[in-house]
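Enquirer: only geometry, no sequence info:
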């Protein structure tokens, strides 16, 4: 007798959540932008001076080492907004040119460790990484998009939150494109409900040689849902390229309605009225919820001078009191729920 397939949990109707928004909502209401006051910048400067005076550098100190008072409450508010509100914040007003690299890294890391717990972003164990063109071909096997200048389609990263600090913007292009994944879900539920069984069952994602084994063709051991309804909250995990590549590597190449469903998520996220275009200014810091916001990037042209080349500093963070997640949804890298990229043994030494 065949074992019955368990029913997939789904909401009764459209998702009602502050993270459901359209581009026009962000244009009309810019409360998602936090402009640092002189007092807040002075507080950050004092904290940077304190850690550097102790010989501590970014990735070498924890929240208690970076003393904040009023700003600590503000950052806690950002964490709440990211997980329970719109799903993102943009912090503006930081003059990046005032700081040398060590000081700016310490400032950014200090904000990050107040916001959450850093997670490894790659097999080299980087907790704070550079998003910049390394001359690699995004279409080559297991190449990650952040090491190229290519256009990146709508996707989520493998942590509760992704942060980007703009150290240097591109000569042209490279705009940050964001969309509410929950608004995309609501549209699909209304217009194409036939796609939901595929999206909520999920897919094997390609881990691009950075999984829990040394197999360069490793995929997630289980199918990870694109949309996961758990304890009354909807969360999203999406990357069209790693889904398509992962299902091919798993011997289950996508076709038919399943492929249509995956393509629909990416196309909707990058179309009106869902997509909002954001131009990074030098010193901007963007924090996004990976569970409710899809992000992408336009291709860019870089400056010829090495010191001016586009450089964004990236953090992956797990919130200390983040939303509950289904276990299979939360295990995105074969390293356990909310686990980051497995660090290679030689990198850890």
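Expert: Okay, I see it. These numbers come from a predicted model, not from an experiment. Numbering: from 1, shown residues only.

Enquirer: residue ranges of the strands in the stretch 51-200 of the chain, please?
Expert: 88-92, 117-118, 128-131, 152-155, 161-168, 172-173, 176-180 (DSSP state E, counting those that start in this stretch).

Enquirer: okay, and residue 260 sits in which element?
Expert: Secondary-structure element containing residue 260, defined by DSSP states H and E: helix 256-269.

Enquirer: figure out how far that helix is from the centre of its chain.
Expert: When distances are taken as Cα atoms, centre = their mean, to the nearest Å, helix 256-269 is centred 20 Å away from the chain's centroid.

Enquirer: partner strands of the next helix or strand along the chain from it and their direction?
Expert: Where DSSP H and E defines the elements, the next helix or strand beyond helix 256-269 is strand 276-278. Using DSSP bridges, strand 276-278 pairs in its sheet with strand 176-180 (antiparallel).

Enquirer: and the helix holding residue 260, what's buried?
Expert: Across helix 256-269, burial judged by 16 or more other Cβ atoms under 10 Å covers 258, 259, 261, 262, 264, 265, 266, 268, 269. All C-beta spots, glycine's among them, are computed from the backbone N, C-alpha and C.

Enquirer: in contact with the fourth one, which residues are there?
Expert: Contacts here follow Cβ atoms under 8 Å, 6 or more residues apart in numbering; on that basis residue 262 touches 198, 199, 203, 226, 240, 243, 244, 254.

Enquirer: again, but for the third one
Expert: Listed by Cβ under 8 Å, 6+ apart, the contact partners of residue 261 are 188, 192, 195, 196, 198, 199, 226.

Enquirer: picking up where we left off before, out of the strands of the stretch 51-200 of the chain, which is closest to residue 305?
Expert: strand 161-168 (10.0 Å; Cβ to Cβ).

Enquirer: averaged pLDDT, the closest one. What do you get?
Expert: Across strand 161-168, pLDDT averages out at 95.

Enquirer: what's the angle between that strand and strand 176-180?
Expert: 160 degrees (axes from the mean of the first three to the mean of the last three Cα atoms, to 10 degrees).

Enquirer: what does strand 161-168 rub up against?
Expert: By Cβ under 8 Å, 6+ apart, strand 161-168 touches 82, 96, 104, 108, 112, 115-116, 131, 176, 280-290, 295, 303, 308-319.

Enquirer: among those residues, which ones are buried?
Expert: The neighbour count (16+ other Cβ under 10 Å) marks 82, 96, 104, 108, 112, 115-116, 131, 176, 280, 283-290, 295, 309-319 as buried among those.

Enquirer: among these, which lie within strands?
Expert: Among the buried ones among the contacts of strand 161-168, the residues falling in strands (DSSP state E) are 131, 176, 285-289, 295, 311-318.

Enquirer: residues in contact with stretch 84-101?
Expert: Contacts of stretch 84-101 (Cβ under 8 Å, 6+ apart): 18-19, 21, 32-37, 41, 48, 78, 81-82, 104, 107, 111, 165-167, 178, 180, 278, 281-289, 291-293, 323.

Enquirer: tell me what residue 285 is bridged to.
Expert: residue 91, residue 165.

Enquirer: can you pull the contacts of it?
Expert: Neighbouring residues of residue 285 by Cβ under 8 Å, 6+ apart: 90, 91, 94, 108, 111, 163, 164, 165, 166.

Enquirer: the third one: how many residues sit nearby?
Expert: What that stands for is residue 94. By other Cβ atoms under 10 Å, 24 other residues sit near residue 94.

Enquirer: just the last one next, same as before
Expert: Each residue near residue 166 was counted by other Cβ under 10 Å, and the total is 23.

Enquirer: for the remainder of this discussion, apply numbering that starts at 40.
Expert: New numbering, starting at 40: the last item is residue 205.

Enquirer: ok, back up a step: any chance of CSV for the strands of the stretch 90-239 of the chain, columns distance to residue 253?
Expert: Shown next, in CSV, are these (distance: least, Cβ to Cβ, whole Å):
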stretch, distance to residue 253
strand 127-131, 35
strand 156-157, 24
strand 167-170, 22
strand 191-194, 25
strand 200-207, 26
strand 211-212, 36
strand 215-219, 34
